[in-house]
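A.B. asks: Return atomic coordinates for the entry below.
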Amino acid sequence: MENNLEERFANEAMPHLKDIYRTAARLTHSLTEAEDIAQEVFLQAWKSFDKYEAGTNCRAWLYQIMFFKISHFRRSFVMRSKFFQSDDEEGTIFANAAAETPIPQHLTDEDIIKAVDKLSPKFRAVVLLADVEEFSYREVAEILQVPIGTVMSRLSRGRKLLRESLSKVAPEYGFKNKAAAFVNQTNLCAAC
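C.D. replies: Reported below is the predicted structural model:
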């Protein structure tokens with residue numbers, strides 16, 4: 001039985017390791033935390049894999065564990081940061097100082113990733129799960145343990161914020177904002 005369980009875990013859960021790590025890195029903005037979270041996810045999954053129901057969505061189950069672990073890591077991080085908080089204002093000023101980055105010649109995937117990273121965590125999580133990982137609304141709701149209406153609302157708002165962020169960047173790269181022109185034209189027609 002144990003050998004069969006190991007084989008099932010290897011076949012059903014392990015193929016999703018890179019996806020879990022990548023999504024954890026996007027959500028936490030830390031490769032170290034992402035590694036810790038991915039390790040914790042698969043440790044927890046292995047410990048409870050005998051309770052996992054074969055034939056169900058293993059990927060969604062792993063993502064649900066991941067979001068639980070991320071919220072746990074964030075709570076413990078807040079506690080640690082309060083405990084080790086420094087009074088060094090100079091360090092805070094330098095840590096928060098923004099350096100101007102040169103404008104690249106073309107809008108890249110990295111620019112899009114940066115725009116996604118700027119979204120608040122609740123919107124970023126839904127956009128990543130629905131648009132990047134291609135989970136259904138129902139699956140996203142189950143993973144995040146929120147109502148499906150909340151998923152739809154957050155996804156709509158997250159996409160809108162993403163469009164706005166990218167539309168501000170696009171002219172810097174030589175792209176015209178056709179969406180704004182279309183919206184203005186539509187509003188004029190609606191007023192007619």
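
A.B. asks: distance of residue 47 from residue 142?
C.D. replies: As defined by C-beta to C-beta, to the nearest Å, residue 47 lies at a distance of 21 Å from residue 142. In short, each C-beta sits where N, CA and C put it, glycine included.

A.B. asks: More neighbours: which of these two?
C.D. replies: Remark: of residue 47 and residue 142, residue 142 carries more neighbours, 18 against 9, as counted by other C-beta atoms under 10 Å.

A.B. asks: show me what contacts that one?
C.D. replies: Residues counted as contacts of residue 142 (C-beta atoms under 8 Å, 6 or more residues apart in numbering) are 60, 64.

A.B. asks: Now do it, the pLDDT please.
C.D. replies: pLDDT recorded at residue 142 is 92.

A.B. asks: Secondary structure element for it, which one?
C.D. replies: Per DSSP states H and E: residue 142 is located in helix 137-144.

A.B. asks: Name the residues of that helix that are buried.
C.D. replies: Within helix 137-144, the residues scored as buried using 16 or more other C-beta atoms under 10 Å are 137, 139-144.

A.B. asks: what does stretch 124-133 give?
C.D. replies: Buried-residue list, stretch 124-133, by 16+ other C-beta under 10 Å: 124-130, 133.

A.B. asks: which stretches of this protein form helices?
C.D. replies: Ranges of helices in the chain, per DSSP state H, are 2-12, 17-28, 31-47, 58-83, 89-96, 109-118, 121-127, 137-144, 148-169, 178-191.

A.B. asks: I'd like the average pLDDT over the last one.
C.D. replies: Translated: helix 178-191. So the average pLDDT for helix 178-191 ends up being 41.

A.B. asks: for the shortest one, same thing?
C.D. replies: Averaged across helix 121-127, the pLDDT comes to 92.

A.B. asks: And the closest residue to residue 121 other than its chain neighbours, how close does it get to residue 41?
C.D. replies: Distances taken as C-beta to C-beta, 6 or more residues apart in numbering put residue 27 closest to residue 121, at 6.7 Å, once the chain neighbours are dropped. Plainly put, residue 27 is 12 Å away from residue 41 if you go by C-beta to C-beta.

A.B. asks: Those two: which has the busier surroundings?
C.D. replies: Using other C-beta under 10 Å as the criterion, residue 27 and residue 41 rank with residue 41 on top: 25 against 21.

A.B. asks: check contacts around that one.
C.D. replies: Residue 41 touches 20, 24, 62, 65-66, 69, counting by C-beta under 8 Å, 6+ apart.
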